[in-house]
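A.B. asks: one predicted model, sequence on top.
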Amino acid sequence: MSVATDQLPLRPVARAFFARPTLDVARDLIGCLLVHDLPEGTVVGSIVETEAYTDRDPGSHAFSGMTARNAPMFEEPGNAYVYFTYGMHHCLNAVTEETGRAGAVLLRAVEPIAGLEHLRSRRPGRRDRDLARGPGRLTLAFGIGREHDRADLTTGVLRICTGERLPEAALVRTARIGLAAAQQDGRRWRFAVKGSPWVSSGRSTTARGSRRS
DNA sequence: CAGAAGATCATCT
DNA sequence: GATGATCTTCTGT
């Protein structure tokens, strides 16, 4: 469904929202709106899938301390952390936790809400369902790149706005790494809207993760 | 400085 | 389900 941009109450989320435990932020971001003012118009998507990266997750970029790339993870909560991977894709994260403590939530998928024509023109030949299903596709469709690293998601042109608050029962919560790390509270959690066709997990690539030990 | 891995995607069988 | 594309970042020597 497409909605006129000026009909949406696009109120940015407060910085305090992000200055909390990463897992809480990852859960609460589901249902929030990702908004980007592009030259051709505003695009909006409802966040349907996230992944939490804490400083105790061995898979986190910040696990082994600060580097030039991951420095934004240690900085202001509510900023963006954008990195380039696999030589082709950008990934968008929201920085969490108090300043000085590393944490981030990877935005893995959104349901297109407004600006559909702009999203489509940035993803030529793709079905609507594939416009922003997956972290790399999401950044492509929304025109997000490294220039957005450290962008302020609470006030900027690229921002996260309040949306529908979903009950716990409407969400799927999946652990992504094995027991050893889990015992040290180093779990990586993925959150998604239950049954949503817009989420990237739970298809094609069969249940990876949770298989390592 | 070389080497390897990587928070992925599209395409093919 | 397997593979290639493509290049940055990090690590070790």
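C.D. replies: Yep, it's here. As the structure is a computational prediction, the values presented were derived from the model and not from experiment.

A.B. asks: helices and strands of chain A: which one bottoms out on pLDDT?
C.D. replies: For chain A, the helix or strand with the lowest mean confidence is helix A:179-183, at a mean of 52 (criterion: mean pLDDT, DSSP states H and E).

A.B. asks: please save the CA atoms from the very next helix or strand once past it in PDB.
C.D. replies: Tracing the chain past helix A:179-183, the next element assigned as helix or strand by DSSP states H and E is strand A:189-193. Output of strand A:189-193 as PDB, limited to C-alpha atoms (Å, rounded to 0.1, in the frame of the first residue of the first chain):
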ATOM      1  CA  TRP A 189      19.200 -11.400  18.300                       C
ATOM      2  CA  ARG A 190      17.200 -10.900  15.200                       C
ATOM      3  CA  PHE A 191      13.700  -9.300  15.500                       C
ATOM      4  CA  ALA A 192      11.000  -9.500  12.800                       C
ATOM      5  CA  VAL A 193       7.300  -9.000  12.200                       C
END
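
A.B. asks: parallel or antiparallel, list what pairs with strand A:189-193.
C.D. replies: For strand A:189-193, the paired strands and their directions (DSSP bridges) read strand A:41-54 (antiparallel), strand A:171-175 (antiparallel).

A.B. asks: for the spatially most central residue of chain A, list each beta-bridge partner.
C.D. replies: Against the mean C-alpha coordinate of chain A, by Cα atoms, centre = their mean, the closest residue is A:L107 at 1.2 Å. For A:L107, the beta-bridge assignment (DSSP bridges) gives partners A:T50.

A.B. asks: and it, what pLDDT?
C.D. replies: Listed pLDDT for A:L107 reads 98.

A.B. asks: please enumerate the strands of chain A.
C.D. replies: When secondary structure is read from DSSP state E, chain A shows strands at A:33-38, A:41-54, A:80-85, A:89-95, A:103-114, A:158-161, A:171-175, A:189-193.

A.B. asks: weakest of these in terms of mean pLDDT?
C.D. replies: Averaging pLDDT over each of the strands of chain A puts strand A:171-175 lowest, since it has a mean of 93.

A.B. asks: can you give me the buried ones in that one?
C.D. replies: Neighbour-count burial for strand A:171-175 flags A:L171, A:V172, A:T174 (criterion: 16 or more other Cβ atoms under 10 Å). C-betas here are computed from N, CA, C, even on glycine.

A.B. asks: just give me the closest of those residues to DNA strand B.
C.D. replies: The shortest separation between DNA strand B and any of the buried residues of strand A:171-175 is 13.5 Å, and it belongs to A:T174 (by Cβ to the nearest atom of the strand).

A.B. asks: can you name the residues bridging to the nearest residue to that closest one once chain neighbours are set aside?
C.D. replies: Setting aside the residues directly before and after it, A:T174 is nearest to A:R190 in space (Cβ to Cβ, 6 or more residues apart in numbering), at 4.6 Å. Beta-bridge pairing of A:R190 under DSSP bridges involves A:E51, A:T174.

A.B. asks: tally of neighbours for A:R190?
C.D. replies: Here the count is done by other Cβ atoms under 10 Å, and A:R190 has 21 residues near it.

A.B. asks: also the one 3 residues further on?
C.D. replies: Burial of A:V193, expressed as a neighbour count using other Cβ under 10 Å, amounts to 20.
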